[in-house]
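Engineer: 3D model of this:
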Amino acid sequence: MWRLVILGMVIALVPQPPLAETSQKEAPESAEEDPLAPYMEKANDALRALQSRLVRALTSAMEEGGPENAIFVCRDEAQAITAKVLEETGITVGRTSHRLRNEVNAPREWAKPIVEESAGKTTSAVEPHVLDLGDRVGVLKPISTMALCTSCHGLPEEIAPEVKSSLDEAYPTDRAVGFSVGDLRGWMWAEVGKEK
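Structural biologist: A predicted model of the protein is given here:
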């Protein structure tokens, strides 16, 4: 059972492949001409590193003590994992949502309009975003709600009492519930500094 839960987490956290990128500047006619392409590649590498480390930590936590244990590992270790990716890659990464579980994950200023505009949409209704921010490039990739995500992020009345109790303890101001399968649950983001 836990292997299915973990597989669901892996699928939900996998950044979507690059689709239609957007930027504040007019897009070039071909990928070869896209000056943002090298930055998107670096962002994707950093986001994959973040995802794989989060999945490893959650996998271990689930095997040791189920979803209740994973909730506390997520609360206590996710920010350190995120900081380690920055330290190793030089790329700032994170996760955000219009319904936050942890206020530390509030959207960056450049991401706020996209996060707010996409609130309440399904994942199929949004695309990744790549924005030219002047001295850096911002990348946003959607996180979809999978069936197994609903054990912690679903409708409050459908979350198991022991999981609800752990969520209440770990995140007293939690708003990251009420999602259904296919809903946009949030975004993975990266900021890549431009080379001078």
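Engineer: Which parts of the chain are helices?
Structural biologist: 2-13, 37-89, 112-118, 150-153, 161-170 (DSSP state H).
Engineer: Let me have those helices in a markdown table, extended by distance to residue 183, mean pLDDT and mean neighbour count.
Structural biologist: Every residue, glycine included, has its C-beta placed from N, CA and C. Output for the helices of the chain, formatted as a markdown table (distance: least, CB to CB, whole Å; pLDDT from 0 to 100; neighbours: other CB atoms under 10 Å):
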| stretch | distance to residue 183 | mean pLDDT | mean neighbour count |
| --- | --- | --- | --- |
| helix 2-13 | 11 | 43 | 16 |
| helix 37-89 | 19 | 92 | 18 |
| helix 112-118 | 11 | 98 | 15 |
| helix 150-153 | 9 | 89 | 21 |
| helix 161-170 | 18 | 94 | 15 |
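Engineer: now for the ones you listed, which one comes closest to residue 176?
Structural biologist: Go through those one by one with CB to CB and the one that ends up closest to residue 176 is helix 150-153, at 5.6 Å.
Engineer: For the closest one, C-alpha coordinates in PDB please.
Structural biologist: What follows is helix 150-153, C-alpha atoms only, in PDB (Å, rounded to 0.1, in the frame of the first residue of the first chain):
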ATOM      1  CA  THR A 150      -5.900  13.500  -1.400                       C
ATOM      2  CA  SER A 151      -5.000  11.500   1.700                       C
ATOM      3  CA  CYS A 152      -3.400  14.800   3.000                       C
ATOM      4  CA  HIS A 153      -4.700  17.400   0.600                       C
END
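Engineer: how far is it from where the chain is centred?
Structural biologist: How far helix 150-153 lies from its chain's middle: 15 Å, per CA atoms, centre = their mean, to the nearest Å.
Engineer: Over to stretch 88-101?
Structural biologist: Chain-centre distance of stretch 88-101: 6 Å, with CA atoms, centre = their mean.
Engineer: Buried ones in that stretch, by neighbour count?
Structural biologist: Within stretch 88-101, the residues scored as buried using 16 or more other CB atoms under 10 Å are 89, 91, 92, 93, 94, 95, 96, 97, 98, 99, 100, 101.
Engineer: Find the nearest non-adjacent residue to the second one, please.
Structural biologist: Which is residue 91. Nearest residue to residue 91, sequence neighbours excluded (CB to CB, 6 or more residues apart in numbering): residue 46, at 4.0 Å.
Engineer: my guess is that neighbour meets residue 87, correct?
Structural biologist: No: when contacts are counted by CB atoms under 8 Å, residue 46 is not listed as touching residue 87 (11.2 Å).
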